[in-house]
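Peer 1: here is a sequence together with a model predicted from it:
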Amino acid sequence: MKILIFLTIMVILFTGHWLLAEEANGNIRWETFVIPSVLCLTALGFFFGIGLAIASKVFEVKVDAKAAEINEVLPKVQCGKCGFAGCLPYAEAVASGKAPANLCIPGGNAVAKKIGEILGIAVGEVTAPVATILCTRKKEVKKNQDYTGIQDCRAAMTLGSNIYECAFACLGMGTCSTVCPFQAIVMDDNAMPKVIESKCTGCGVCVENCPVGIIRLTPRDHDVHILCASTELPKIKAKVHKKGACIACKKCVKTCPVQAISVVNNVAGIDYTKCTNCEQCISVCPTTAIFHIRPQKKKDAVSTSVNSGA
Amino acid sequence: MELSVVFSIVGGMVLINNFVLSRFLGLCPFLGVSKKMDSAFGMGMAVIFVITLSSAATWIMYYYFLRGDLGPVLKTACYILIIAALVQLIEMFMKKTMPALYQALGIYLPLITTNCTILGVAFLNTTDAPMATKATQESFFLAVLQGFSGGVGFALVLLLMAGIRERLETTAIPKPLQGIPIAFFCTGLMAFAFMGFIGLI
């Protein structure tokens, strides 16, 4: 088939060629140039069109109809937050029942609902994580260098060390705030970033760009965090901070009723799959490193506990 | 075939008469895809791949069909047609037989279908213009080599530019120059630097 098409193209082109050779010395005329050119190109386009149509049948890749439909409703940003290589692999996994339908974070609940309609199943809420800055940087933490370069944390960290005495202190130059595609991080008066949760989509751009590595993505329904990421020795931490740093005393580990806290590399960490937000750890922490990140919710919690106490 | 011709083609296309810096072709993908290193790498590889195949296809077309009087009239249209059809065909073929390669290059392939570097090398292979090496008109190997080294030159400059622009992101740039303008400045300075290669051959 392909050979036939090729031969036809060749025949037509040679005919055009031959027609031209007849009047090579004449002026450019309608019948010597325009008509053969139009004929040649029409033929060429026609046969390429047919060739491609045939090729598209020959090289057709079978895609599951449902997977294709799901792929249509996905946002196609290929972010990989669902844990698959891209949107199409995720769509295939959902269509074949290997993955739940509520993993698409950029798409959110709207996309999850559409997928549910396509598959005819009930889909749970999409829970996008939220960025949490694991540093409180109290005023007592002093700068140990006079940095006057480009006001960007990434540029400052290329010089080798943190400009504060604590090696895991927030530099406060606002790189996370400038890179955030959703303007969800603002810098407050003390040059500390604050995450606006209603705007945060859990995209993780700030996490990638923070040169100190103190931003984590945490589940949205958990508001008890250990706001320290320093893996320095507790002795050094205690020297620099009076309050705010985790000194690995393990009081919270012993207090936690569900064993959700463990100390790794001199810093306590919460396993959010186990944590029940019971807040018992907050009261025992001697350095107030364990913290409610959400003042609003804290107020609510306090008011409910007051109510229940009354 | 003389070895000096091969060297002059490779050196000329990669460094001296670089597509971006000396011929000013392919500036749109050059500025569009040079923001990140990994996408620049993917784009560079895709350009090398397509430019090599398309210079082979267009050379065959030229050598057997377009050397007559109709040639100068039909060249442009024929080249565009053949390159577009070829890229479509490659895309389909890759999707079916090499899914991994398709994942890596797939999104860039339609982008470079009628990229001016691709068309540019097809013309360069078959033209009498003073900047071109005329040997490529008679030799299939040299034509493909010229296409390949043109692609390598494009990829090289694209990667250099991506490195520069990743650094530029953290620097303080006056507001009117942010983004594309400063990228053009850098391109101009790189073109100056590449002029130094002229004495190479």
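Peer 2: Okay, I see it.
Peer 1: the helix or strand of chain B with the lowest mean pLDDT near chain A at all?
Peer 2: Sorting the helices and strands of chain B by mean pLDDT, DSSP states H and E puts helix B:99-105 at the bottom, at a mean of 72. Yes: on the criterion C-beta under 8 Å from any C-beta of the partner chain, helix B:99-105 is in touch with chain A at residue B:103. For the C-beta atoms, the positions are set from N, CA and C on the backbone; glycine is no exception.
Peer 1: elements contacting the helix or strand following that helix?
Peer 2: Using DSSP states H and E, the helix or strand that directly follows helix B:99-105 along the chain is helix B:116-125. Helices and strands touching helix B:116-125, as assessed by 3 or more C-beta pairs under 8 Å, 6 or more residues apart in numbering or on different chains; DSSP states H and E, comprise helix B:37-65, helix B:71-97, helix B:140-168.
Peer 1: name the nearest residue to residue A:13, sequence neighbours excluded.
Peer 2: residue B:65 (4.6 Å; C-beta to C-beta, 6 or more residues apart in numbering or on different chains).
Peer 1: tell me, how many residues neighbour that neighbour?
Peer 2: Residues near residue B:65, counting by other C-beta atoms under 10 Å in any protein chain shown, number 21.
Peer 1: how's chain A carved up into domains?
Peer 2: As assigned by automatic domain parsing, chain A contains the domains A:2-58, A:65-119, A:131-217, A:221-310.
Peer 1: which one of those domains lies nearest to residue B:71?
Peer 2: Closest approach to residue B:71 among the domains of chain A (C-beta to C-beta): domain A:2-58, 9.2 Å.
Peer 1: distance of residue A:45 relative to chain B?
Peer 2: 6 Å (C-beta to the nearest C-beta, to the nearest Å).
Peer 1: give me the buried positions along the helix or strand hosting that residue.
Peer 2: Per DSSP H and E, residue A:45 falls inside helix A:35-58. Buried residues in helix A:35-58, counting neighbours by 16 or more other C-beta atoms under 10 Å in any protein chain shown, are found at A:36-37, A:40-41, A:43-44, A:47-48, A:51, A:55.
Peer 1: rebuild these as a markdown table, extending it with pLDDT and distance to residue A:179.
Peer 2: Below are these laid out as a markdown table (pLDDT from 0 to 100; distance: C-beta to C-beta, whole Å):
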| residue | pLDDT | distance to residue A:179 |
| --- | --- | --- |
| A:36 | 79 | 59 |
| A:37 | 81 | 54 |
| A:40 | 84 | 54 |
| A:41 | 86 | 50 |
| A:43 | 89 | 54 |
| A:44 | 87 | 49 |
| A:47 | 89 | 51 |
| A:48 | 89 | 46 |
| A:51 | 89 | 47 |
| A:55 | 86 | 44 |
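Peer 1: ok, these vs chain B, which is closest?
Peer 2: residue A:48 (4.1 Å; C-beta to the nearest C-beta).
Peer 1: so what's that closest one up against?
Peer 2: Each residue near residue A:48 by C-beta atoms under 8 Å, 6 or more residues apart in numbering or on different chains is listed here: B:81-82, B:85.
Peer 1: of those residues, list those near chain A.
Peer 2: With respect to chain A, and counting by C-beta under 8 Å from any C-beta, the subset of those in contact is B:81-82, B:85.
Peer 1: check the contacts of residue A:48 against chain A and report the nearest one.
Peer 2: Closest to chain A out of the contacts of residue A:48 is residue B:85 (4.1 Å), distances taken as C-beta to the nearest C-beta.
Peer 1: who in chain B is up against chain A?
Peer 2: Near chain A, when you scan chain B using C-beta under 8 Å from any C-beta, you find B:64-65, B:68-70, B:73-74, B:77-78, B:81-82, B:85, B:88-89, B:92-93, B:95-97, B:103, B:170-172.
Peer 1: swap in 10 Å and give it another go.
Peer 2: B:61, B:64-74, B:77-78, B:81-82, B:84-86, B:88-89, B:91-97, B:99, B:102-103, B:107, B:167, B:169-172 (C-beta under 10 Å from any C-beta of the partner chain).
Peer 1: now those: which count as buried?
Peer 2: B:61, B:65-66, B:68-70, B:73-74, B:78, B:81-82, B:84-86, B:88-89, B:91-92, B:94-95, B:102-103, B:169-170.
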